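In: Fold the following, please.
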Amino acid sequence: MNKKSQNGPALDLIDRKILAALRDDGRLTTQALAEKVGLSPSPCWTRVKRLEESGAIEKYVALLDHKALGYNNIVFVEITLDKHDDKVLDQCGEALSRAPEVVEAHLVTGEYDYLAKVVVSGTDHYERFLRGTIYRIPGVRQTRTTFGLRALKRTLSVDPLKVVG
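Out: Okay, the predicted model is just below:
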């Protein structure tokens, strides 16, 4: 049952505190989380379940250190397509979704059509990825690549206590 509206579920301050705490540490026990937000465990658990069901909590993940895994480069790839019919857009989106090096891909507005965030071990790996994956997608007209030097901020979601809409 997904009660999420177009603008998301209505969140009070306690919900936002729960989300902020889980954003920082998704492995908190219900007891520890309850203590952090000022609730007893049972109502805290109930709120977490409601936040999960509403879609405010999408899933719980482990954030991996790419460098520790041998992937030392973050690359941003701007992809421009020949045409914009549904078939070409779907093929490109599906190919990006299947590529293991792609950690994020967005259909965007502006001068190019897709922006992909790619993780590779080095320039040789990137060239193999570009030739073996991107250039084989039907309808790709051109790409533009930017190598990231270092991440200044890395997070998966906004802090619900600091971002006010």
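In: in stretch 43-50, what's buried?
Out: Applying a neighbour-count criterion of 16 or more other CB atoms under 10 Å, one finds Cys44, Arg47, Val48 buried in stretch 43-50. Bear in mind the C-beta positions are built from the backbone N, C-alpha and C, glycine included.
In: wait, I meant stretch 113-127
Out: Neighbour-count burial for stretch 113-127 [16+ other CB under 10 Å]: Asp113, Tyr114, Leu115, Ala116, Val118, Val119, Val120, Ser121, His125, Tyr126.
In: Show the backbone phi and psi for Lys83.
Out: Backbone torsions of Lys83, given as degrees, to the nearest 10, read phi -140, psi 170.
In: Not counting sequence-adjacent ones, nearest residue to it?
Out: In space, Lys83 comes closest to Gly139 once its chain neighbours are excluded; the distance is 6.4 Å by CB to CB, 6 or more residues apart in numbering.
In: and that neighbour, how far is that from Val164?
Out: Counting by CB to CB, to the nearest Å, the separation of Gly139 from Val164 is 40 Å.
In: Next: Tyr135.
Out: In this structure, Tyr135 and Val164 are 43 Å apart, going by CB to CB.
In: can you check Glu53 too?
Out: 24 Å.
In: Which one of the two is surrounded by more residues?
Out: Counting neighbours by other CB atoms under 10 Å for Glu53 and for Val164 shows that Glu53 has the greater number, 14 against 6.
In: how far away is that one from Ser42?
Out: 17 Å.
In: What of Val102?
Out: As judged by CB to CB, Val102 and Ser42 stand 42 Å apart.
In: of the two, who's got more company?
Out: Set Val102 next to Ser42 and count neighbours by other CB under 10 Å: Val102 wins out with 20 against 10.
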